[in-house]
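Participant: just need the structure, nothing else, for what follows:
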Amino acid sequence: MPGGRLSQQERQQIALGLGDGLAYAEIARRLDRPTSTVTREVMRNGGPASYRADLAHRATEQRAHRRRRAAPRGAEAFPQPHGRDAEAVKAYEEVFTTVIMASGTPRMMARVMACLYLTDSGSLTASELVQRLQVSPASVSKAIAFLESQGLVRRERDERRRERYVVDDDIWYQATISSAQALVQVVETARQGVGVLGPGTPAAVRLENVARFLDFINESTTRAAEQAREILHTKPETATDGPDDPDAGHG
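Facilitator: The predicted structure follows:
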């Protein structure tokens with residue numbers, strides 16, 4: 001499998017693949033490259049709708065030139081436990097960050113979120129985030145405030161009374177429920193507009209359709225989140241009558 005930077009010809013093939021509606025995995029297969037390489041390339045250069053091979057190639061050359069001149073402190077990969085390949089983890093963290101950014105999360109917030117998710121503990125202090133990301137404490141504080149407001153991070157105190165920022169299996173459930181609840185106000189406001197504009201008028205019908213659509217999405221999302229939480233968070237040990245159970249087979 002080839003390594004190193006993408007060539008301009010490979011970038012042109014990526015652009016053609018995107019134009020044909022191919023998935024990242026299929027484009028990567030045709031290039032004999034990891035899917036993560038293609039994903040990172042596209043997300044760093046405008047996303048699937050705006051990717052252009054010539055601009056991407058030029059931007060990559062400029063980034064490489066800046067890195068050579070600046071030699072940032074955080075350029076080296078952070079040491080990893082469990083025998084993991086530190087460079088591979090660092091590359092994956094960049095991919096994960098760009099995907100989070102593509103969902104609308106600002107870069108610094110996405111970096112903090114990815115950093116937290118890729119630690120085994122799922123929690124870090126502010127000073128640990130500063131050290132890992134090589135950014136200022138103010139940047140970490142601002143990012144945490146944003147993520148907390150979105151329900152994507154929670155705070156807790158450890159045994160040394162230090163504040164830790166935590167992501168766990170319940171974070172996405174809480175964030176999903178919070179997002180669904182935010183739709184309730186939109187639904188209610190849209191329905192208020194129906195009364196103001198007059199039921200049956202074109203504008204009122206439009207608002208009613210918006211309200212019905214979002215109401216359905218809210219209900220479905222909440223129900224799906226509840227079901228997923230119940231199924232995925234069920235502990236394996238709770239389901240158990242097996243051969244070793246002394247009462248098994250006796251009714």
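Participant: please parse this protein into its domains.
Facilitator: Here the domain assignment for the chain is 9-71, 86-166, 171-232, based on automatic domain parsing.
Participant: mind checking how far the first one is from the chain centre?
Facilitator: The reference is to domain 9-71. Computed by Cα atoms, centre = their mean, to the nearest Å, the chain-centroid distance of domain 9-71 equals 19 Å.
Participant: same check on the longest one?
Facilitator: Its chain's C-alpha centre and that of domain 86-166 lie 11 Å apart, by Cα atoms, centre = their mean.
Participant: cool, and the shortest one?
Facilitator: Per Cα atoms, centre = their mean, the displacement of domain 171-232 from the mean C-alpha position of its chain is 23 Å.
Participant: how about residue 174, what does it touch?
Facilitator: Listed by Cβ atoms under 8 Å, 6 or more residues apart in numbering, the contact partners of residue 174 are 151, 154. From N, CA and C alone the C-beta is placed, and that goes for glycine too.
Participant: residue 108 contacts residue 144, correct?
Facilitator: No: between residue 108 and residue 144 there is no contact, the gap being 10.0 Å when judged by Cβ atoms under 8 Å.
Participant: what about residue 112, how many residues close to it?
Facilitator: 29 (other Cβ atoms under 10 Å).
Participant: oops, could you answer that again for residue 196 instead?
Facilitator: 9.
Participant: what's the helix or strand for it?
Facilitator: helix 171-197 (DSSP states H and E).
Participant: got the buried residues for that helix?
Facilitator: 171, 173-177, 180, 183, 187, 190-191, 193-194, 197 (16 or more other Cβ atoms under 10 Å).
Participant: following the chain onward from that helix, which element is next?
Facilitator: helix 202-232.
Participant: can you give me the strands in the chain?
Facilitator: 123-125, 154-157, 163-166 (DSSP state E).
Participant: tell me what the first one is packed against?
Facilitator: This means strand 123-125. helix 107-117, strand 163-166 (3 or more Cβ pairs under 8 Å, 6 or more residues apart in numbering; DSSP states H and E).
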